[in-house]
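*Asks:* Any chance you can model this:
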Amino acid sequence: MMSRTSRRGPAPSAPGHDSGTTPKHDRNARRRRLPMRFLLPTTILVAMMAMLMLRGYVHSEILADHRIRPEAATDKVPDKILDGGPVIDTRSGRTTSLSVPDHRLVLTFDDGPDPTWTPKVLDVLKARHAHAVFFVTGTMASRYPELVARMVREGHEVGLHTFNHPDLSYQSKSRIDWELSQSQLALEGAAGIRTSLFRPPYSSFADAMDDKSWPVTQYVGTRGYITVVNNTDSEDWQKPGVDEIIRRATPKGGKGAIVLMHDSGGDRHQTVQALDKFVPELQRQGYDFENLTEALNAPSAHTPVKGLDLWKGKAWIFLVQASEKITDGLIVCIAIIGVLVFTRFGMMLLLSVLHARRVRRKGFRWGPASVTEPVSVLVPAYNEAKCIENTVNSLMTSEHPVEIIVIDDGSSDGTARIVEDMRLRNVRVVRQQNAGKPAALNRGLANASHDIIVMMDGDTVFEPATVRELVQPFADPRVGAVAGNAKVGNRDSLIGAWQHIEYVMGFNLDRRMYDILRCMPTIPGAVGAFRRSALERVGGMSDDTLAEDTDITMALHRDGWRVVYAENARAWTEAPESVQQLWSQRYRWCYGTMQAIWKHRRALIERGPSGRFGRVGLPLVSLFMVLAPLLAPLIDVFLLYGVVFGPTQKTVIAWLGVLAIQLVCAAYAFRLDKERMTHLISLPLQQILYRQLMYVVLLQSWITALTGGRLRWQKLRRTGVVGAPGSVPQQRASHIGNERRPVG
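*Replies:* Next comes the predicted model:
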């Protein structure tokens with residue numbers, strides 16, 4: 001459950017702002033905790049990448065070698081091997097080969113286990129009381145351990161077919177050891193056994209042994225393995241038909257044989273059908289279908305494992321299974337995110353077009369008459385000495401009659417004195433002890449003289465037409481609040497340009513969409529207007545959350561008021577210019593939005609306007625502003641994995657496709673706002689770098705919310721460089737770069 005943020009306390013730690021008098025031990029504790037904002041997301045990222053890489057390893061996407069060596073000379077291979085049987089034993093310096101006795105068949109199945117075909121093969125063998133040898137790969141045994149356990153339980157033998165199925169003639173001895181040990185680890189975890197049987201990938205008959213594969217066979221023998229090839233190949237992988245598979249698999253003249261088949265690697269329905277006819281037919285001819293060691297009257301190839309080796313195997317299987325399930329779940333999440341992202345893009349484009357056509361059509365009016373009565377403009381300010389003069393001067397150029405009320409929230413830098421020294425008409429200064437922005441706005445509301453209330457931040461400047469455009473929607477008596485068009489004034493830096501894109505595309509395009517859907521979640525604190533009666537009906541500004549603008553907007557929706565967007569009511573605000581300040585601002589926004597959603601959650605089950613907002617607005621806000629951004633990093637993680645481990649080309653094309661869609665949306669948003677397109681040059685870099693910061697901010701907000709943590713308001717440092725183009729006089733030089741002395 002979300003905790004209500006504490007907003008009361010002595011001035012040094014009062015809500016709304018930081019001060020420079022934090023005790024030393026608190027600052028040290030904060031510095032010690034600071035890395036946690038990066039540590040936890042980094043840990044999650046590393047864990048996700050580790051799971052993806054483990055999954056890629058067992059799916060032969062990582063460290064797999066698909067080269068196949070062509071035939072080589074055979075002069076170094078002993079003749080008794082070339083002319084011998086399919087069982088080759090080079091253990092303890094021996095060089096011997098064995099053949100299966102007459103009327104005994106050893107069915108062998110390569111490349112499994114497969115979740116579709118291996119169970120069908122096992123069912124046929126069980127029904128016909130036949131045994132076989134399954135040469136499994138470590139990757140498939142790790143992914144489907146229950147099938148390996150079934151093989152052993154039903155009396156079949158299991159052999160190794162390497163882990164990733166490489167041609168071992170290309171591999172070093174250390175890689176061969178790795179392939180064998182990893183495969184044994186999978187067997188130990190799946191069935192609690194080790195095996196001494198081995199079949200090299202891409203092998204065939206004994207007479208196909210050459211000077212490149214023979215050294216591998218010799219080395220594998222020194223590691224305790226018997227190499228098993230075949231002398232009857234069904235060639236079922238070619239899918240020649242059931243009868244042809246049976247013909248190729250049948251030995252001549254009652255001889256014994258090791259038959260090669262496959263239970264994985266593709267569609268094996270012909271293999272299963274052929275097996276169901278082949279086994280009973282040869283059993284009637286007097287053949288026994290046995291394990292290799294049964295056919296050779298040798299000890300079992302299986303050795304039970306216990307103790308640490310068993311637990312290592314089980315731990316491996318557990319990790320592989322966990323990575324499989326978790327990454328499968330992540331893939332589902334990516335699919336959901338993809339649907340949400342493209343749905344949002346589609347809705348934004350479609351509904352923004354509708355909004356623009358509605359408000360821009362010739363003769364459009366909000367009501368029967370324009371709004372001309374004076375309005376009260378509330379400017380809450382705390383330590384805004386660098387900005388407040390620009391803010392007030394911009395209001396003085398307003399084309400609409402205004403009453404300006406600056407609420408000084410206990411500033412220590414002389415903000416109130418600056419405004420008073422300007423000695424401007426219709427400008428009043430209201431002082432209060434530091435109590436936070438909601439309290440300052442309520443104080444201003446109590447002192448306001450007019451029925452329409454405009455609210456703005458102390459670091460924001462208005463254009464001359466802003467107030468007039470902002471209040472026109474109040475000609476419609478159903479409108480309770482109006483959101484203006486907040487713009488980034490300091491967009492010359494890279495961070496500023498990225499925020500400029502975000503404001504134009506992510507905020508204002510969204511507001512057009514939400515306006516049409518009648519569920520706009522936030523009136524921006526930088527530029528918004530309210531009907532006084534609407535504010536009074538919902539109890540004024542609340543300090544229950546850190547996003548008082550979102551809180552009040554949701555409250556107005558629930559009370560039945562319309563909240564609309566005025567695109568021409570432009571305000572220029574100073575965006576954070578450092579990563580630390582941006583972090584502080586967005587952390588507060590994210591956490592405050594989540595608090596507001598939680599506070600108004602009962603709207604989901606209520607009736608009337610509140611219920612409509614709860615069942616339309618809250619789900620949309622939760623999906624598009626909280627859940628989707630939280631899961632969106634999965635796309636970047638899988639993108640990174642795809643670029644590094646493949647398929648690189650398809651991954652890059654997919655990412656460029658998504659980027660192109662975003663670029664189209666951004667270009668349309670810039671066109672609607674009549675902005676220059678040049679800033680969109682930095683959009684690709686924004687997607688790579690800026691979004692990652694927003695992900696981490698949202699993740700930390702989730703953690704704070706779920707753990708019931710408390711978040712203090714972070715006061716951002718301002719420079720006072722923002723002015724509305726062509727309308728705001730420059731700040732006096734004496735204010736630039738110098739802090740004012742505190743005023744008592």
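*Asks:* hang on, I258 packs against S234?
*Replies:* No. Using C-beta atoms under 8 Å, I258 is not in contact with S234; the gap is 11.3 Å. C-beta: built from backbone N, CA, C; applies to glycine.
*Asks:* all helices for the stretch 551-700 of the chain, in order.
*Replies:* Along the stretch 551-700 of the chain, counting by DSSP state H, counting those that start in this stretch, helices occupy 579-599, 608-612, 618-621, 628-631, 633-645, 648-672, 683-685, 691-706.
*Asks:* which helices and strands sit right next to the fourth one?
*Replies:* Going back to what we said before, that points to helix 628-631. helix 307-360, helix 691-706 (3 or more C-beta pairs under 8 Å, 6 or more residues apart in numbering; DSSP states H and E).
*Asks:* Outside of stretch 629-640 itself, list whatever touches it.
*Replies:* Applying C-beta atoms under 8 Å, 6 or more residues apart in numbering, the contact partners of stretch 629-640 are 45, 48-49, 52, 330, 333-334, 336-338, 341, 651, 654-655, 658, 691-692, 694-695, 698-699, 702.
*Asks:* Restricted to buried residues, select these in PyMOL.
*Replies:* Those of the contacts of stretch 629-640 that count as buried under 16 or more other C-beta atoms under 10 Å are selected in PyMOL with:
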select buried, resi 45+48+52+330+333+334+337+341+651+654+655+658+691+694+695+698+699+702
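*Asks:* Can I get the helices and strands packed on helix 628-631 in TSV including mean pLDDT?
*Replies:* Below are the helices and strands packed on helix 628-631 laid out as TSV (pLDDT from 0 to 100):
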stretch	mean pLDDT
helix 307-360	90
helix 691-706	77
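*Asks:* Can you say which of the ones you listed is packed in most?
*Replies:* Counting by mean count of other C-beta atoms under 10 Å, helix 691-706 has the highest mean neighbour count of the helices and strands packed on helix 628-631, with a mean of 19.
*Asks:* elements contacting that one?
*Replies:* For helix 691-706, the packing partners by 3+ C-beta pairs under 8 Å, 6+ apart are helix 36-58, helix 579-599, helix 628-631, helix 633-645.
*Asks:* closest one to G189 among the ones you listed?
*Replies:* helix 36-58 (12.2 Å; C-beta to C-beta).
*Asks:* hmm, back to that, quick one: which of the helices and strands packed on helix 691-706 has the weakest pLDDT on average?
*Replies:* Note on the helices and strands packed on helix 691-706: lowest mean pLDDT is at helix 628-631, with a mean of 75.
*Asks:* any chance of the helices of the stretch 551-700 of the chain in JSON lines, plus distance to V392?
*Replies:* Shown next, in JSON lines, are the helices of the stretch 551-700 of the chain (distance: least, C-beta to C-beta, whole Å):
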{"stretch": "helix 579-599", "distance to V392": "23"}
{"stretch": "helix 608-612", "distance to V392": "37"}
{"stretch": "helix 618-621", "distance to V392": "34"}
{"stretch": "helix 628-631", "distance to V392": "36"}
{"stretch": "helix 633-645", "distance to V392": "42"}
{"stretch": "helix 648-672", "distance to V392": "30"}
{"stretch": "helix 683-685", "distance to V392": "35"}
{"stretch": "helix 691-706", "distance to V392": "32"}
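*Asks:* Which among those is found nearest to L197?
*Replies:* Judging the helices of the stretch 551-700 of the chain by C-beta to C-beta, what sits closest to L197 is helix 633-645, at 31.5 Å.
*Asks:* Tell me how far the closest one lies from the chain's centre.
*Replies:* 10 Å (C-alpha atoms, centre = their mean, to the nearest Å).
*Asks:* that older thread, distance to T162 added to the helices and strands packed on helix 691-706, as a markdown table?
*Replies:* Putting the helices and strands packed on helix 691-706 into a markdown table (distance: least, C-beta to C-beta, whole Å) gives the following:
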| stretch | distance to T162 |
| --- | --- |
| helix 36-58 | 13 |
| helix 579-599 | 48 |
| helix 628-631 | 37 |
| helix 633-645 | 20 |
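*Asks:* Of the ones you listed, which stretch is the most buried?
*Replies:* Mean neighbour count (mean count of other C-beta under 10 Å) peaks for helix 579-599 among the helices and strands packed on helix 691-706, with a mean of 21.
*Asks:* ok, K362 - how many residues close by?
*Replies:* 4 (other C-beta atoms under 10 Å).
*Asks:* before we move on, what SS does it have?
*Replies:* coil (DSSP: H, G, I helix; E, B strand; the rest coil).
*Asks:* measure it to V527 for me?
*Replies:* Remark: distance between K362 and V527 (C-beta to C-beta, to the nearest Å) = 26 Å.
*Asks:* The helices and strands packed on helix 628-631: which one's closest to A439?
*Replies:* Of all the helices and strands packed on helix 628-631, helix 691-706 comes closest under C-beta to C-beta, at 23.0 Å.
*Asks:* the inter-axis angle of the closest one versus helix 579-599?
*Replies:* 40 degrees (axes from the mean of the first three to the mean of the last three C-alpha atoms, to 10 degrees).
*Asks:* For helix 691-706, list the C-alpha coordinates in PDB.
*Replies:* Taking C-alpha atoms only, helix 691-706 is exported to PDB below (Å, rounded to 0.1, in the frame of the first residue of the first chain):
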ATOM      1  CA  ARG A 691      14.700   6.600 -21.800                       C
ATOM      2  CA  GLN A 692      17.000   4.500 -19.700                       C
ATOM      3  CA  LEU A 693      17.100   7.200 -17.100                       C
ATOM      4  CA  MET A 694      13.300   7.400 -17.100                       C
ATOM      5  CA  TYR A 695      13.100   3.600 -16.700                       C
ATOM      6  CA  VAL A 696      15.300   3.700 -13.600                       C
ATOM      7  CA  VAL A 697      13.300   6.600 -12.200                       C
ATOM      8  CA  LEU A 698      10.000   4.700 -12.600                       C
ATOM      9  CA  LEU A 699      11.500   1.600 -11.200                       C
ATOM     10  CA  GLN A 700      12.700   3.400  -8.100                       C
ATOM     11  CA  SER A 701       9.200   5.000  -7.800                       C
ATOM     12  CA  TRP A 702       7.700   1.500  -7.800                       C
ATOM     13  CA  ILE A 703      10.100   0.400  -5.100                       C
ATOM     14  CA  THR A 704       9.300   3.400  -3.000                       C
ATOM     15  CA  ALA A 705       5.600   2.800  -3.400                       C
ATOM     16  CA  LEU A 706       5.700  -0.900  -2.700                       C
END
